[in-house]
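*Asks:* could you look at this predicted model? Sequence included:
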Amino acid sequence: MLPLRGLIVTGLLGLVASSCSQAGVVLGQKPVDLTVPNGIDVGFNHRAVSRYRSPLSGAWRNGDNLEQMLINAINSAGKEILVAVQELSLPRIAESLVAASRRGVNVKVILENNYSTPWSQQHELDLSRHGRKRLQRLKVEADQDQSGVVSPEEERKSDALLILQNGQIAWIDDTEDGSKGSGLMHHKFVVIDGERVITGSANFTNSGIHGDAGATQTRGNVNHLINIQSPALASIFKEEFAQMWGDGPGGSKNSRFGRNKTAQPLRTIKVGSMNVSVLFPPHAKTHSGHGLDLIEDQLGRAKKTIDLALFVFSAQQLTNKLAERISAGVKLRLLADPGFASRSFSEVLDLLGVALPDRFCKLEAGNQPLTKPLKGIGTPRLARGDKLHHKFAVIDNKTVITGSFNWSPSAAHTNDETLLVIESPQLAAHFTREMDRMWRGAELGITARMQRKLDRQTRKCGSGVQRKETNTSTGAKG
């Protein structure tokens, strides 16, 4: 088992609610040192009972160091490292991959096409607004002497993809098949020596793990990674990687991404005594058992409790299933990212019984807000600049749903994604503790932010006009 956690501290992080909305409360709970199943470890970068030194500031901060977790795994490799991640901009991870290659390890990397060019080779005028902001942020991180100018030496040391390029590490992106790219190459996984898989919600970036340079209040998007020792599981991930990789850079363009891949069914293996099921979207809407169907089936099995921590939630069929389970007496806690919770396509609004027209004064086709708003729906309090980036569920304190998969039609039918279902009360306890941590101080119900947006759109649009076609876009880049 790889070392993951730092110094354990006994104090829990307390958050005080400061608005009129109701605050979530967890009573009578003390921090405990939870055990993990054999062959599995899990890290949460905002975890309240461990600490590490931030590589951005050097200060101690709460959380597990997910970057070090990845570096430890890379350093342990003796034969092969396969990396498929939407974005990789951490130079220490790049340096570790180069060092592994130099000691004879076969290293291959797959990236999303929007993040597959060394940032030092980009020009702001060629980039989207999002791309310009990202480039500016990376330059701030690279400017170690804080001179206001990034020198060629600082670029060489700080540009992760330039480090890979100079280290002769082979990589491709989702245009390698000759297309303009899949919906998103949204995977976040590493396979080590055909024996170990590391996956979860985190992109390999400072913003995704540690925080933003120059913004000391940030602590990174709220994320987790799970480390699973299992040759059987690693073999399944290697098959997914092989479809995307094809013959690698150049060659016969036989890489396959998105819906061009051969659709794979849900596969279940044993890791110790646990059942671990894995699905790699996308699938056609007509494909029985696609990602949203799998989640709906798991939610339908809930007897007592459902905990959800989601970056994006925009799938009506899952709202319908949640409403059904609530009517059957199941207790729900749902926390969504504050920025996405109040989007017009957000199912969080449906659960709260409200509809929000988009900027064109249109309502989503098939939009069905509940006539009776649910309780236990909210958003966590986060530092400005951070996002709730988890994509996990805990069902009846024994089943964990996790991976890169946002709960949206785009994830199910367009993107390259990882979706895991793990049956383990022992592991579920870790995710429940993370949910409890976020629940403290969470704003429940219609927040002041949501209400302002609702009021603004009502003044502009009235009740809105429903669209004729379903909008499956989430706008999510995580």
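*Replies:* Perfect, I can see it now. As the structure is a computational prediction, the values presented were derived from the model and not from experiment. Numbers count the residues shown, from 1 in each chain.

*Asks:* where does the stretch 1-150 of the chain dip in pLDDT?
*Replies:* Along the stretch 1-150 of the chain, segments meeting pLDDT under 70 span 1-32.

*Asks:* what ranges do the strands span in it?
*Replies:* Counting by DSSP state E, counting those that start in this stretch, one finds strands in the stretch 1-150 of the chain at the ranges 7-8, 22-23, 40-44, 50-53, 60-62, 80-85, 106-111.

*Asks:* quick one: strands adjacent to the last one?
*Replies:* Looking at strand 106-111 with DSSP bridges, its partner strands are strand 80-85 (parallel), strand 170-173 (parallel).

*Asks:* cool, and the third one?
*Replies:* When pairing is defined by DSSP bridges, strand 40-44 lines up against strand 224-229 (antiparallel).

*Asks:* got the angle between whichever helix or strand comes after the partner strand and strand 106-111?
*Replies:* Note on strand 224-229: by DSSP states H and E, the next helix or strand toward the C-terminus is helix 231-245. With axes from the mean of the first three to the mean of the last three CA atoms, to 10 degrees applied, the angle from helix 231-245 to strand 106-111 works out at 60 degrees.

*Asks:* quick check, central residue of the chain?
*Replies:* Ser201 (2.7 Å; CA atoms, centre = their mean).

*Asks:* of all the strands paired with strand 106-111, which one is nearest Asn227?
*Replies:* strand 80-85 (14.0 Å; CB to CB). All C-beta spots, glycine's among them, are computed from the backbone N, C-alpha and C.

*Asks:* now what about that closest one, what contacts it?
*Replies:* 74, 97, 100, 105-111, 185, 187-194, 203-204, 237-238, 240-241, 244, 416 (CB atoms under 8 Å, 6 or more residues apart in numbering).

*Asks:* how about stretch 153-172?
*Replies:* So stretch 153-172 is in contact with 88-91, 93-95, 97-98, 101-102, 107-111, 116-121, 138, 141-145, 150, 244-245, 248-249, 255, going by CB under 8 Å, 6+ apart.

*Asks:* endpoints of that stretch, how far apart?
*Replies:* 25 Å (CA to CA, to the nearest Å).

*Asks:* chain center to that stretch: distance?
*Replies:* Going by CA atoms, centre = their mean, to the nearest Å, the spacing between the C-alpha centre of stretch 153-172 and its chain's C-alpha centre is 24 Å.

*Asks:* average pLDDT across it?
*Replies:* For stretch 153-172, mean pLDDT rounds to 96.

*Asks:* next, the buried residues of it.
*Replies:* 154-155, 158-164, 167, 169, 171-172 (16 or more other CB atoms under 10 Å).

*Asks:* how near is the residue nearest to the centre of the chain to His430?
*Replies:* To His430, Ser201 is 14 Å away according to CB to CB, to the nearest Å.

*Asks:* any idea how the protein splits into domains?
*Replies:* The domain map for the chain lists 38-251, 263-470, with the assignment taken from automatic domain parsing.

*Asks:* ok, the nearest residue to Met274 once chain neighbours are set aside to Thr305 distance?
*Replies:* Nearest residue to Met274 in three dimensions, chain neighbours excluded: Ser424, at 4.6 Å (CB to CB, 6 or more residues apart in numbering). Distance of Ser424 to Thr305, given as CB to CB: 16 Å.

*Asks:* just Ala170 next, same as before
*Replies:* Counting by CB to CB - Ala170 and Thr305 are separated by 46 Å.

*Asks:* rewinding a little: and the residue nearest to the centre of the chain, what is it in contact with?
*Replies:* 188, 223-225, 311, 389-392, 402-404, 478 are the contacts of Ser201 under CB under 8 Å, 6+ apart.

*Asks:* and those residues, which two are furthest apart?
*Replies:* Leu225 and Phe311 (15.1 Å).

*Asks:* about what we covered before: next step: the contacts of Ser201 restricted to strands.
*Replies:* Per DSSP state E, strands hold the following members of the contacts of Ser201: 188, 224-225, 391-392, 402-403.

*Asks:* got a markdown table for the residues you listed, with neighbour count and pLDDT too?
*Replies:* Formatted as a markdown table, the ones in strands among the contacts of Ser201 follow (neighbours: other CB atoms under 10 Å; pLDDT from 0 to 100):
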| residue | neighbour count | pLDDT |
| --- | --- | --- |
| Lys188 | 26 | 98 |
| His224 | 25 | 98 |
| Leu225 | 27 | 98 |
| Lys391 | 30 | 98 |
| Phe392 | 22 | 98 |
| Thr402 | 25 | 98 |
| Gly403 | 27 | 98 |
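
*Asks:* just the closest of those to His290, please.
*Replies:* Gly403 (14.0 Å).

*Asks:* give the contact list for the closest residue to that closest one other than its chain neighbours.
*Replies:* Among residues not flanking Gly403 along the chain, Thr418 sits closest, at 4.0 Å (CB to CB, 6+ apart). Neighbour list for Thr418: 187-189, 199, 278, 280, 403-405 [criterion: CB under 8 Å, 6+ apart].

*Asks:* let's have the ones in strands among the contacts of Ser201 in JSON lines, adding distance to Gly441.
*Replies:* What follows is the ones in strands among the contacts of Ser201, written out as JSON lines (distance: CB to CB, whole Å):
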{"residue": "Lys188", "distance to Gly441": "27"}
{"residue": "His224", "distance to Gly441": "19"}
{"residue": "Leu225", "distance to Gly441": "24"}
{"residue": "Lys391", "distance to Gly441": "22"}
{"residue": "Phe392", "distance to Gly441": "19"}
{"residue": "Thr402", "distance to Gly441": "24"}
{"residue": "Gly403", "distance to Gly441": "27"}
